[in-house]
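Asks: Need the 3D shape of this:
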Amino acid sequence: MTGQEKKAEPEDAALFRTAVGLVKPLPDQNRIKPHTPPHKPLLRSSVQPPEIPDTLSDFAAENAPDEFLSNGLSRMTLRKLRRGNWPIQDRLDLHGNNSDAARKLLQEFLHEVTQRGSRCVLVIHGKGLNSRGGEAVLSKLTRHWLAQHPHVLAFCNASPKEGGSGAALVLLKVKP
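Replies: So this is what the prediction gives:
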């Protein structure tokens, strides 16, 4: 018991019983008793996952665009992405990572979602409010890396409920 809690006084209990009146228990129902599912063992494979080459550059990240549209695509594609035409199929949160870890996580994530055939994903990079100097380092770098990635067709700011300028909505090429 914490210091705030105290035992009910007998007169309080009596007052409660008179206020509530006669209580009739609910009838037993055919309910399944909750049980915890058995833990699934971790599958360990002797085969190493394929190494994903680090092809994304940090050079000139200061010029990272807020929006990106791959060559040959209509501006309507970017408008549809902004309006939420494609449902978000997966998301990655890069908060708290340094730039090297974030780049590696982003590459692994994009590789994985393109293998699964995902079309639209959300990459949360944050707004840089807790960064030294308030500079959004991951925001600039993430958008710079996305613009370089071969499977990224377009990206833009997410909707306000999904993170606004602290997240990028990304449209990916569908693997044939």
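Asks: Could you point out the helix or strand that follows the longest helix that the chain contains?
Replies: The residue-count maximum for a helix in the chain (DSSP state H) belongs to helix 99-116. Past helix 99-116, further along toward the C-terminus, the next helix or strand under DSSP states H and E is strand 120-124.
Asks: for the following helix or strand past that next one, packing partners?
Replies: From strand 120-124 onward toward the C-terminus, using DSSP H and E, the following helix or strand is helix 137-148. In terms of contacts (3 or more C-beta pairs under 8 Å, 6 or more residues apart in numbering; DSSP states H and E), helix 137-148 is packed against strand 68-69, helix 99-116, strand 152-157, strand 167-172. For the C-beta atoms, the positions are set from N, CA and C on the backbone; glycine is no exception.
Asks: Report how many residues lie close to residue 70.
Replies: The local packing of residue 70 (other C-beta atoms under 10 Å) involves 16 other residues.
Asks: Residue 156 too?
Replies: Other residues lying near residue 156 total 19 when counted by other C-beta under 10 Å.
Asks: Now it. Nearest residue, chain neighbours left out?
Replies: Excluding the flanking residues, the one nearest residue 156 by C-beta to C-beta, 6 or more residues apart in numbering is residue 67, at 4.7 Å.
Asks: who touches residue 162 in this structure?
Replies: Contacts of residue 162 were listed using C-beta atoms under 8 Å, 6 or more residues apart in numbering, and they are 88, 122, 169.
Asks: Run through the bridge partners of the second one.
Replies: Beta-bridge partners for residue 122, by DSSP bridges, are residue 91, residue 169.
Asks: wait, doesn't it sit right on residue 84?
Replies: No - Residue 122 is beyond contact range of residue 84, at 11.0 Å (criterion: C-beta atoms under 8 Å).
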